[in-house]
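In: Structure for the following, please:
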Amino acid sequence: MIISDLSNIEGRSYPARRRTRNLVGGPAPISASAFSIGHVTLEPNGGQVPWHNQEQEEVYYLLKGQTEMCLGEERQILHAGQMVYIPSGVFHQLTNVGDEPAEMVYVYGPAGDVAHWKQELEGTLPRAGEDAPPLPEGAQPQCTDK
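Out: Numbers count the residues shown, from 1 in each chain. You can find the predicted model right below:
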């Protein structure tokens with residue numbers, strides 16, 4: 001039996017003020033070909049999964065906190081216990097708008113790396129409104145700092 005224990009996974013911190021820990025896929029103890037699962041902690045007041053898109057379908061399930069979800073041309077506040085579906089190829093961004101850390105679980109498939117992780121670390125994310133579609137009106141700004 002292979003067990004992925006969140007308390008034993010250090011994960012990686014990203015410039016947009018979040019920590020991502022793979023539970024299935026990547027460096028996680030469990031591998032699958034059809035999907036990947038991870039846990040993300042967004043720092044208070046602006047921690048973010050920046051504006052990006054990917055080939056995989058994905059869902060975000062918010063465990064704790066309050067976040068702003070931007071999906072294509074839509075923008076909405078998500079609360080703990082809510083899940084959002086992200087279709088393949090659609091630009092999206094999740095930003096913590098609360099004073100406490102926000103936590104979420106992502107699931108995407110098929111498994112494999114998503115380009116925005118490497119792009120964020122290198123400072124090469126496509127910029128909203130320049131190299132990528134603009135964020136919805138009133139959205140929190142995209143973090144593109146390296």
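In: If I look at residue 144, what pLDDT would I see?
Out: Confidence at residue 144, expressed as pLDDT, is 86.
In: I'd guessed it sits against residue 125; true?
Out: Yes - using CB atoms under 8 Å, residue 144 is in contact with residue 125, at 5.0 Å. Bear in mind the C-beta positions are built from the backbone N, C-alpha and C, glycine included.
In: These two - which one has more neighbours?
Out: When residue 144 and residue 125 are compared on other CB atoms under 10 Å, the one with more neighbours turns out to be residue 125, at 24 against 19.
In: I'd assumed residue 53 was in contact with the more buried one.
Out: No - Residue 125 is beyond contact range of residue 53, at 10.8 Å (criterion: CB under 8 Å).
In: list residues touching both of residue 144 and residue 125?
Out: Residues touching both residue 144 and residue 125 by CB atoms under 8 Å, 6 or more residues apart in numbering: residue 50.
In: most centrally placed residue in this structure?
Out: residue 49 (4.2 Å; CA atoms, centre = their mean).
In: just checking, residue 28 touches residue 4?
Out: Yes - in this structure residue 28 lies within contact range of residue 4 using CB under 8 Å: 5.3 Å.
In: Mind listing the residues bridging to the residue nearest to the centre of the chain?
Out: Residues in a beta bridge with residue 49, per DSSP bridges, are residue 94.
In: is it true that it touches residue 93?
Out: Yes - proximity of residue 49 to residue 93 meets the contact threshold set by CB under 8 Å, at 6.3 Å.
In: Helices of the protein, start to end?
Out: Secondary structure of the chain (DSSP state H): helices located at 115-122.
In: Next, the buried residues of the worst-scoring helix or strand of it on mean pLDDT.
Out: Least confident helix or strand of the chain, by mean pLDDT, DSSP states H and E, is helix 115-122 with a mean of 92. In terms of neighbour count (16 or more other CB atoms under 10 Å), helix 115-122 has its buried residues at 116, 117, 120.
In: So the second one is in contact with residue 14, correct?
Out: In this case it means residue 117. Yes - with contact defined as CB under 8 Å, residue 117 reaches residue 14; the gap is 7.4 Å.
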